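> the sequence and its predicted three-dimensional model are supplied below.
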Amino acid sequence: MTDFKKELNPLQYKAVIHPDGPLLIVAGAGSGKTRVLTYRIAHLTTRNISPSRILAVTFTNKAAGEMAKRVDKLVNAYVPVSTFHSFCLRVLRKENDRLPYADNFVVYDKSDQLTLIKDCMRRLNVSDKHTKPKMFANEFNHAKNKLITAGKFAEKINDYKKEVVANVYKEYEAALLKANAMDFDDLIMQCVLLFQNNSDILEKYQNKFDHMLIDEFQDTNFAQYTLAKLLVDKHKNICVVGDPDQSIYKFRGADIRNILDFEHDFKGADLITLEQNYRSTATVLNVANDIISNNKNRKEKKLWTENEEGEQICVYKAMDEHDEAEFVINHIREQMSGNPELSLNDIVVFHRIHALTRVFEDHFRRARMPHVILGDVGFYNRREIRDIVAYLRVIANQADDVNFKRIINTPHRGIGSTTQETLARYARSCNITLFEAAENAESVSNLSKAAQRKIVKFMQLIKGFCNAKSKLTTTELVKKVIDDINYIEKVCSSNDLQDRTRIENIKELISAAAEYDNTSEDEIPSIEGFLHEVALSSDIDNWNESEESVTLMTIHNAKGLEFPVVYIIGMEENLFPHYNSSDDPTDIEEERRLCYVGMTRAKKRLSLSCAYHRTVFGQRKVREPSRFLSEIPDEFIEVRISEHRDSFGAEEVPPVPKSKKSQNAKGGYSAGQRVVHSHFGNGKIESVTGKGDSARLTIQFDSLPNPKVLVAQYAKLRSLK
DNA sequence: CAGTCGACTATTTTT
DNA sequence: TAGTCGACTG
């Protein structure tokens, strides 16, 4: 049995063995927050509290899985750990008969949501000229995070814009219900509504759990906090862990007041503050402390450490983003060769926005440095995966109009937009789903005989799947769908790289289904269960941290992680802090917290970089170093300046050697000329538009199937003879 | 009906 | 720059 006292410091131990009642643990970065939570859960089980009577909630599925594993290791007990979303989904499925949704409801992700919103806008004749679908999505999400339903929203309209939003919101909610689908934020809101409207069910869950524990409490939103308050209302055995300085999800409705008000909401709550950092070197910690102390709106807290001073922070001022990438690669090599203990998976590159990874990926690939990029177009957002999953969704839930529309002509089967619109109009006039309309295709007089035939054939296919559903495992069904619709042959049969990766991805989807069939905690694995898992899975959940490669990810993804070597790139004004945050002081403070989170991930070595030039929206712009850089005292940093330039802010030295530059200046490119490109190799210029540096060259490279258009200034071409 | 071409717009961050 | 959307043509 674990000796809890021996493995924890006195404050951590106090938190772990704290008896019943509300407990707030304010835990600074690297102070052993997860450790405390894990040990506390483990400790509860030793107090004869059954694992199933503990409700533990973390921020990601990955963190949840890891915590469950660690508890198991400590006390040999399996305590299920959830995210708010997965917990709510489980409740909603279980208590389905109290909901207006049928039990096979699906979860809509962001892009399903946008499609549906566009539909609603079209139906209400709302132009997307000034009110973008995304804007509506944001409004709805925020409303749901505050538990404001469409009905409530409509009650407090004060201007025209709100009125439009209210109308679309109403239409959207109705459409969701009709499609038997919930969006992400519904999972929480519907669960809260369920509890609020059904006291017997609420009571059941209040009695089911003796203790509730919440990780990353600073990033909970109003709906989540309300849910927690409801659940623990009887026994008040709630333990929350968080750090206000690490609250970085305001855009998702996270409300820092949750943690600041906790002691007020739960009278008699105990507070334990953990301030000793075990993770980082003193230098890293000092720098992070200095940065965060610039936030005005914050509770004073100073982390300290007994760790060694460590090396200085490296700040690299690059010429441009290419130079920045080269620096990171070279620096990584330097670190690796001087340190045999170090492995590539000890190294991470953080960025504020995904767009920065493009250039890095290029350079990493060319340098043959193994790397993994998290996020951006995640696995389940790839077209081929979405296509197949759309079939599964319709098979599971025939009311799903959004996905029905997606699959009716994918792969092409001659059911074009005219036919689809006729079908949709028919469905609307009869107030039935597209699926039902398609079933009656033959009685829709506006459809041509040919169109009817094609729809009937398609419906036979789909109904075949629906009938097969109960007889097959998830894996078998996925395979059957892919085979029967001939997806690979019809959509990705060429031999180019893109199609080959598509096929790889499809294989991976089959593996994912197999994995679900084999390891799911669902009593009976089902296509619905698989779809729910898919809907709630995130990039970080699928990240394999033991792979021998450098990881690139956003700082938002880095929450709760730590790495020996950390790079933060793009430390420039309007990028970090981000442009959209630069005029609002509260937003700037959130950006600063984000910076703080990034820095405090580093155990040994932290490097920051910015570029003097960067191509933004395809245009080369002069950049200014981030204000955060100037918030670091000089004594902690070692500044390195790009060799391509003498001093920062001095006259720019051209990135390409003089000879090439002068050729550009002469406007020396002309059609028919043979050239060499560093990337694509030999090619022939087919045409030239414009002149000088901004000339656009259409070049047919020998290595590529199609011509490419490059801008002379950036193309870095060398003329042949 | 499907594929191509040009115009346009976009970058926060995610369960 | 690159990805998406709509118009146009075969």
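Received the coordinates, thanks. The structure presented is a predicted model; accordingly, all values stated were derived computationally and were not measured.
> counting neighbours, what do you get for the residue of the stretch 601-721 of chain A found nearest DNA strand C?
As assessed by C-beta to the nearest atom of the strand, DNA strand C sits closest to A:Gly618 within the stretch 601-721 of chain A, at 2.6 Å. For glycine as for every other residue, the C-beta is placed from the backbone atoms N, C-alpha and C. By the criterion of other C-beta atoms under 10 Å, A:Gly618 has 7 neighbours.
> quick one, phi/psi of it?
Per-residue torsions, A:Gly618: phi 80, psi 10 (degrees, to the nearest 10).
> and the pLDDT for it?
Per-residue confidence (pLDDT) for A:Gly618: 83.
> neighbours of the closest residue to A:Glu573 other than its chain neighbours, how many?
Setting aside the residues directly before and after it, A:Glu573 is nearest to A:Glu624 in space (C-beta to C-beta, 6 or more residues apart in numbering), at 4.4 Å. A:Glu624: 13 surrounding residues under other C-beta under 10 Å.
> isn't A:Glu624 up against A:Met571?
No - in this structure A:Glu624 lies outside contact range of A:Met571 using C-beta atoms under 8 Å: 10.4 Å.
> who's in contact with the helix or strand hosting A:Arg35?
According to DSSP states H and E, A:Arg35 maps onto helix A:33-46. With contacts defined as C-beta atoms under 8 Å, 6 or more residues apart in numbering, helix A:33-46 is touched by A:1-2, A:4, A:7-8, A:12, A:15-18, A:25, A:27, A:51, A:54, A:56, A:63, A:67, A:70-71, A:74-75, A:77, A:79, A:81, A:211, A:213, A:215, A:239, A:241, A:243, A:274, A:560.
> report the buried members of those residues.
Buried by 16 or more other C-beta atoms under 10 Å: A:4, A:8, A:12, A:15-18, A:25, A:27, A:51, A:54, A:56, A:63, A:67, A:70-71, A:74-75, A:77, A:79, A:81, A:211, A:213, A:215, A:239, A:241, A:243, A:274, A:560, out of the contacts of helix A:33-46.
> what's the closest non-adjacent residue to A:Asp112?
A:Val402 (5.2 Å).
> wait, is that neighbour part of a strand?
No - assessed with DSSP: H, G, I helix; E, B strand; the rest coil, A:Val402 is helix; it does not lie in a strand.
> residues near it, how many?
Using other C-beta under 10 Å, A:Val402 has 24 other residues around it.
> my read is that it contacts A:Ala179, right?
Yes - the criterion here is C-beta under 8 Å, and A:Val402 meets it with A:Ala179 at 6.3 Å.
> thinking again about what came up before, buried ones in the helix holding A:Arg35, by neighbour count?
Using 16+ other C-beta under 10 Å as the test for burial, helix A:33-46 gives A:33-45.
> distance check, A:Met369 against DNA strand B.
Look at A:Met369 and DNA strand B: by C-beta to the nearest atom of the strand, to the nearest Å, they are 22 Å apart.
> phi, psi for that residue please.
Backbone torsions of A:Met369, given as degrees, to the nearest 10, read phi -100, psi 120.
> contacts only, for the nearest residue to it once chain neighbours are set aside.
Among residues not flanking A:Met369 along the chain, A:Ile329 sits closest, at 5.9 Å (C-beta to C-beta, 6+ apart). Neighbouring residues of A:Ile329 by C-beta under 8 Å, 6+ apart: A:His363, A:Phe364, A:Ala367, A:Met369.
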